[in-house]
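Participant: can you look at this prediction? I've put the sequence above it.
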Amino acid sequence: MTDTPTPRPPRKRNRLKAVGVAFIPVPTARKRADGWTPERQQRFLAALYACGVVAGAAEAVGMSTATAYRLRRRPGGESFAKAWDKLLREARGRALDEAIAYSLTTGFVPRTWRGLFAARAGALDSRMLIAALNASGGAARLRAGAAASNKKEQFPSR
């Protein structure tokens, strides 16, 4: 008696994995070498995770931003859109962490005297932190949290 492996049932749709996120590629009506193939969709999501910008990810795979958004809205693109959202959220969170770390480290600030380099000094640069907080909506959440805590701290009237 020989041990033969039991055959697996065929899958209905191919599942791809992009940067740890499994998704079902969006079906396309026509097969085109320069279109949104399943491999190109996977590379797009990997690039989106790497850079966090849709236009940059689309450019990295040789497609336009408009066609990327059309692909996302296409019927059968729910899994692709879900993976897109998750990877974009992770990439932007990573970018915010990097901006905070950068703003909290001492940077190089040249000091000049009469147009010549005189010394170097260290200084914290909070501009990057402020820009990152504004872009992520964190500043609004901080203001809302401060307003809520101010209301709690008020003394009751007699």
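Facilitator: Sure thing, it's come through.
Participant: elements contacting the longest helix seen in the chain?
Facilitator: Secondary structure of the chain per DSSP state H: the longest helix is helix 78-104. If you count contacts as 3 or more CB pairs under 8 Å, 6 or more residues apart in numbering; DSSP states H and E, helix 78-104 packs onto strand 21-23, helix 38-51, helix 65-73, helix 127-136. Just so you know, the C-beta spots here come from the backbone N, C-alpha and C atoms, and that holds for glycine as well.
Participant: what angle do helix 127-136 and that helix make with each other?
Facilitator: Counting by axes from the mean of the first three to the mean of the last three CA atoms, to 10 degrees, helix 78-104 points 150 degrees away from the direction of helix 127-136.
Participant: picking up where we left off before, want to throw the helices and strands packed on helix 78-104 into TSV with mean neighbour count?
Facilitator: Shown next, in TSV, are these (neighbours: other CB atoms under 10 Å):
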stretch	mean neighbour count
strand 21-23	17
helix 38-51	20
helix 65-73	14
helix 127-136	15
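Participant: nearest to residue 116, out of those?
Facilitator: Nearest of the helices and strands packed on helix 78-104 to residue 116, taken as CB to CB: helix 127-136 at 26.3 Å.
Participant: return the distance of that closest one from the chain's centre.
Facilitator: 15 Å (CA atoms, centre = their mean, to the nearest Å).
Participant: before we move on, back to that, list the buried residues in the longest helix of the chain.
Facilitator: Across helix 78-104, burial judged by 16 or more other CB atoms under 10 Å covers 79-81, 83-84, 86-88, 90-91, 95-96, 99, 103.
Participant: residue 29: which of those is nearest?
Facilitator: Nearest to residue 29 among the buried residues of helix 78-104, with distances taken as CB to CB, is residue 80, at 15.5 Å.
Participant: domains of this protein?
Facilitator: Using automatic domain parsing, the domain ranges for the chain come out as 16-90, 105-151.
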